[in-house]
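Colleague: got a predicted structure plus its sequence, pasted below:
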Amino acid sequence: MGGEVKLSRIHYVIFLSYSFTFLIWGFVTTSGVMTLDYFSRYIPKFLLPISAAMGPLFLMVGNTLMGRLADVVGRRGIYVFTMSLYTVGLLGMAISLLLLNTVSTEAAFIVFLISYALAEIGVGGEEPPALAAITELMPPNKRGSMLVLITNFDNVGAALAALILLLALLWGTQLSAVWTMIASALFVVAVAVVIRLVTPESVRWLMVRGKVDIAKRVAEEKGLTYALSESPGQINVRFPPTWFRASILSLLGFTQLSTYGLMAFYIIYLPSLPFSSNEALATQVLLWANVGASVAGLIGLVIDKIGRKIFTLLSYLGGLLTMIPIFLIYGVMSKNTISSSLPVFYVLLFLNMAFSEFGWAVRIMLEPELFPTKARSTWVGIVRLISWGVYVTLIYYLLANADVFTYLLSNLILYVIGAVAALAWYVWGVETRGLPVDVLDRAAGQ
C-alpha cells in the first residue's frame, strides 16, 4: 500500500540508535530489581512492595511528561534530558551499594531510591518519542518489523544484565555482581550517546510543526523524502473513535505489562516459591523469562507479512493458554512434585514470556500507528500512563497482600481481559499494516 522502500544506511543508524534506548531500559529494570533484592534483607517488609512499585511508577511519569514534551520540542530534542537522567540514575544505584560500607543502610537506601526513580524517568521518557520517531522515519513496508525488533532490545538488555549478574554471582558476591551489571549499563549509555548524535529528527514532525524548509532539507540529505510524500486519495481508511482506540490500547497495555512484569521480575519476591531467598536461582528467573521474550521478539523479522488484527488475537490467546498450566501447577497443586521442579517452571515461564512478547509487539505497533503525528507521542504517553498506573497498583497490592495462588490467579484473569480486548479489536478494529504515515494521520481524523 505504501510502496516498497529499501533500507539504507540512515535506517540502520536509526535502528542502532533506538535499539540502544531499549537495551538501556532492560539494564535499568534488571539493575533496579536486583539492587532492591539486595537491600530487601535490610529494610522493613512493608517497604518492599512500595519500593518495587517505584520503578514502574516513575517510568510512567517519564512516559507521560516526556511524551508530551516530545510533541513540542521534537523527538530528537528530548534526549538531552532523558539520557542525563538515566546516566545519573545508574551511577547513583552503583554509589548506593558502595555507600553501604561508609554510611547507614537507611541513607544508602534513600540514595538508591532517588537514583532508581531518576533512571526510570529517563528510560520511560525515551519510549514515546522513540516509538513516534520510528513510526515516522521508517518505510511503511518495514515499520512493523523495525518497531518490534528495536523494542525487543529491552528484553535483550534485561537478559544480558541478568546473565552478567548470574556469572558475577557464581564468581563473587552479590554486591560485586550488581556493581558489575550497572557498570556494564553505563558502557552501553556511552555508546548510545555517540550514535544518538547522528540520528535525524523526524521529518514528518518538522513538517507538521510548520518547519517545512528544514523538513525538506533533512529529508533530501538523509534519503527520507518518502516520509513527506502524500499517498493517493483513494487509500481511504477511517479509525474507530479516539475513546475506543485509547480504551482498547489501555486494556491491551496494562494486561501485557502486568503479566510480563509480575512473572518476569516481581515473582522472585514471593517467599514460598522454590527460587526464593536464593539470588542465583532468582537471577535465572529473570534470565529465562527475558531470553524467552527476546527469542519471541525475532517475530519482528516477518511481522510485516502478518495482519495486525489476527496477530493481536493470537498473541493474547496464546498468553492465556500458556498461563493456565503455570496457575494449575504452582497455584492450585502447589504441594505436588512437579511444582518443586525448577526446569519445569523455567520452561513454562519461557513459553509464557514468548507470548507476552507477542503482546508487547502488538502494542508497540498499534500505539503509534493509531494516533496522528502532531499528538502521537502525547497519546502514546497517555495510553501508557493508564497501563502503568494499573500495573503499579497491582505490584503494590499483590506483593503486599497476596499469596502465590492469588498472585497467579490475578495473572490468569489479566490474560482473560487481554484476550477479550484483542477480540474486540479483531471485530471492530482497523488493519494498519503497511499504511503510510500520512494515511494514518488522515485515518485518525487529523
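Modeller: Yes, it's here.

Colleague: what are the contacting residues of the one helix or strand residue 413 maps to?
Modeller: Using DSSP states H and E, the element containing residue 413 is helix 404-428. Helix 404-428 has contacts (CB atoms under 8 Å, 6 or more residues apart in numbering) with 240, 244, 248, 251-252, 254-256, 258-259, 262-263, 267, 270, 272-273, 309-310, 312-313, 315-317, 319-320, 323-324, 326-327, 330-332, 334, 359, 362, 394, 398, 402. Bear in mind the C-beta positions are built from the backbone N, C-alpha and C, glycine included.

Colleague: just these: which are in helices?
Modeller: Those of these mapping onto helices are 244, 248, 251-252, 254-256, 258-259, 262-263, 309-310, 312-313, 315-317, 319-320, 323-324, 326-327, 359, 362, 394, 398, per DSSP state H.

Colleague: list the buried residues in the helix or strand hosting residue 347.
Modeller: In the assignment (DSSP H and E), residue 347 maps to helix 342-369. Across helix 342-369, burial judged by 16 or more other CB atoms under 10 Å covers 344-346, 348-369.

Colleague: same check, this time on stretch 254-271
Modeller: For stretch 254-271, by 16+ other CB under 10 Å, it's 254-270.

Colleague: do you have the strands of the chain handy? List them.
Modeller: Counting by DSSP state E, the chain has no strands to list.

Colleague: so what's the residue nearest to the spatial centre of it up against?
Modeller: Of all residues in the chain, the one closest to the mean position by CA atoms, centre = their mean is residue 154, 6.1 Å from it. Shown in contact with residue 154 (CB under 8 Å, 6+ apart): 22-23, 25-26, 29.

Colleague: nearest to residue 439, of those residues?
Modeller: Nearest to residue 439 among the contacts of residue 154: residue 22, at 26.7 Å, using CB to CB.

Colleague: which of the contacts of residue 154 fall within helices?
Modeller: Per DSSP H, those map to helices at 22-23, 25-26, 29.

Colleague: save those as TSV, and put in neighbour count, distance to residue 412 and pLDDT too.
Modeller: Shown next, in TSV, are the ones in helices among the contacts of residue 154 (neighbours: other CB atoms under 10 Å; distance: CB to CB, whole Å; pLDDT from 0 to 100):
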residue	neighbour count	distance to residue 412	pLDDT
22	24	28	88
23	25	31	88
25	26	27	85
26	26	26	85
29	27	24	84
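
Colleague: can you redo these as a markdown table with distance to residue 67?
Modeller: A markdown table is the format used below for those (distance: CB to CB, whole Å):
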| residue | distance to residue 67 |
| --- | --- |
| 22 | 16 |
| 23 | 20 |
| 25 | 15 |
| 26 | 20 |
| 29 | 19 |
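
Colleague: mind checking how far residue 377 is from residue 236?
Modeller: 26 Å (CB to CB, to the nearest Å).

Colleague: between those two, which one's more packed in?
Modeller: residue 377 (33 against 9; other CB atoms under 10 Å).

Colleague: any figure for the gap between the more buried one and residue 386?
Modeller: Distance from residue 377 to residue 386, by CB to CB: 16 Å.

Colleague: what of residue 209?
Modeller: If you go by CB to CB, the gap between residue 209 and residue 386 works out to 27 Å.

Colleague: also residue 267?
Modeller: Taking CB to CB, one finds residue 267 at 24 Å from residue 386.

Colleague: could you do residue 288 as well?
Modeller: Taking CB to CB, one finds residue 288 at 30 Å from residue 386.

Colleague: repeat that for residue 53.
Modeller: For residue 53, the distance to residue 386 - CB to CB - is 16 Å.

Colleague: and for residue 223?
Modeller: Distance from residue 223 to residue 386, by CB to CB: 37 Å.

Colleague: please say which of these two ends up with more neighbours.
Modeller: In this view residue 223 and residue 386 are compared by other CB under 10 Å, and residue 386 has more residues nearby, 18 against 14.

Colleague: so who does the more buried one touch?
Modeller: 246, 250, 253-254.

Colleague: which one (most neighbours) among the residues you listed?
Modeller: For the contacts of residue 386, neighbours tallied by other CB under 10 Å; top is residue 253, 27 neighbours.

Colleague: without its sequence neighbours, what residue ends up closest to that one?
Modeller: residue 387 (3.2 Å; CB to CB, 6 or more residues apart in numbering).

Colleague: surely the one you found and residue 257 touch.
Modeller: Yes. Using CB atoms under 8 Å, residue 387 is in contact with residue 257, at 5.3 Å.
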